[in-house]
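J.: Sequence and computational prediction follow.
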Amino acid sequence: EAGVAQSPRYKIIEKRQSVAFWCNPISGHATLYWYQQILGQGPKLLIQFQNNGVVDDSQLPKDRFSAERLKGVDSTLKIQPAKLEDSAVYLCASSPSSPYEQYFGPGTRLTVT
Amino acid sequence: AQSVTQLGSHVSVSEGALVLLRCNYSSSVPPYLFWYVQYPNQGLQLLLKYTTGATLVKGINGFEAEFKKSETSFHLTKPSAHMSDAAEYFCAVSDRGGGFKTIFGAGTRLFVKA
């Protein structure tokens, strides 16, 4: 079984630029999560999708972050414009259904200079 | 509101020694509890989980954890550490009161000395 795929693995941008991350979950998993993991901290949930509907986006900075899940499968997370404090690893995870265990992708390490 | 506290951001043990990583949680209702491991430059991988039933849970790589409701704890143990256990470990909680949103602890980095 293929795992959760993410791209790119690494990205370096300047502040005020925009960036997008892509995630392909495990086939058949209804729930998809995006997390932000700042160095030295645990993952923080940004947004949770159930199929293509948003379940929780209470911690998503909506003035600069946006996310979509097309046709209930792939998902894209965008930051526009980026700030220095957005430097972090962005993790995508999926699960058959909440609250079961989550399967994580390798993450995208974003550096904002 | 849910919260997770992992005591000790760094733990160092000798190879062959007992591993004990501490996790305490707060939850208004019986929670689901998880331990994940993260190796460098990788995503998180599930070690074990508690949902209902037996409070002693066995996971992969020889790890186990015990749910103690009276102590609101879910400590992770392994009888004998191996060099390959060196990684970051995260405790997580999910409950109905929080809409099943998963909250992660800050993590504990385990060092294993030869």
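T.: Okay, I see it. Numbers count the residues shown, from 1 in each chain, chains lettered A, B, ... in the order given.
J.: Can you tell me how far the closest residue to A:Ala5 other than its chain neighbours is from A:Phe49?
T.: If you skip the residues right next to it in sequence, A:Ala5 has A:Asn24 as its closest partner in space, 4.3 Å away by C-beta to C-beta, 6 or more residues apart in numbering or on different chains. Placement of C-beta: from N, CA and C, glycine included. Per C-beta to C-beta, to the nearest Å, A:Asn24 is found 13 Å from A:Phe49.
J.: More neighbours: these two, which one.
T.: Set A:Asn24 next to A:Phe49 and count neighbours by other C-beta atoms under 10 Å in any protein chain shown: A:Phe49 wins out with 22 against 18.
J.: Tell me who's in contact with that one.
T.: Going by C-beta atoms under 8 Å, 6 or more residues apart in numbering or on different chains, A:Phe49 touches A:Thr31, A:Leu32, A:Tyr33, A:Val55, A:Ala67, A:Arg69, A:Gly72, A:Ser75.
J.: so what's it scoring on pLDDT?
T.: In this model, A:Phe49 is scored at 92, pLDDT.
J.: can you check B:Phe74 too?
T.: You'll see B:Phe74 listed with a pLDDT of 96.
J.: Count the neighbours of A:Ser87 for me.
T.: Quick note: A:Ser87 (other C-beta under 10 Å) scores 17 neighbours.
J.: Apart from its neighbours in sequence, what residue is nearest it?
T.: Closest residue to A:Ser87 apart from its sequence neighbours, by C-beta to C-beta, 6+ apart: A:Val112 at 4.8 Å.
J.: ok, the one you found touching A:Ala82?
T.: Yes: if you go by C-beta atoms under 8 Å, A:Val112 and A:Ala82 touch, sitting 4.8 Å apart.
J.: Give the residues shared as contacts by those two.
T.: Common contacts of A:Val112 and A:Ala82, defined by C-beta under 8 Å, 6+ apart, comprise A:Ile13, A:Glu14, A:Lys15.
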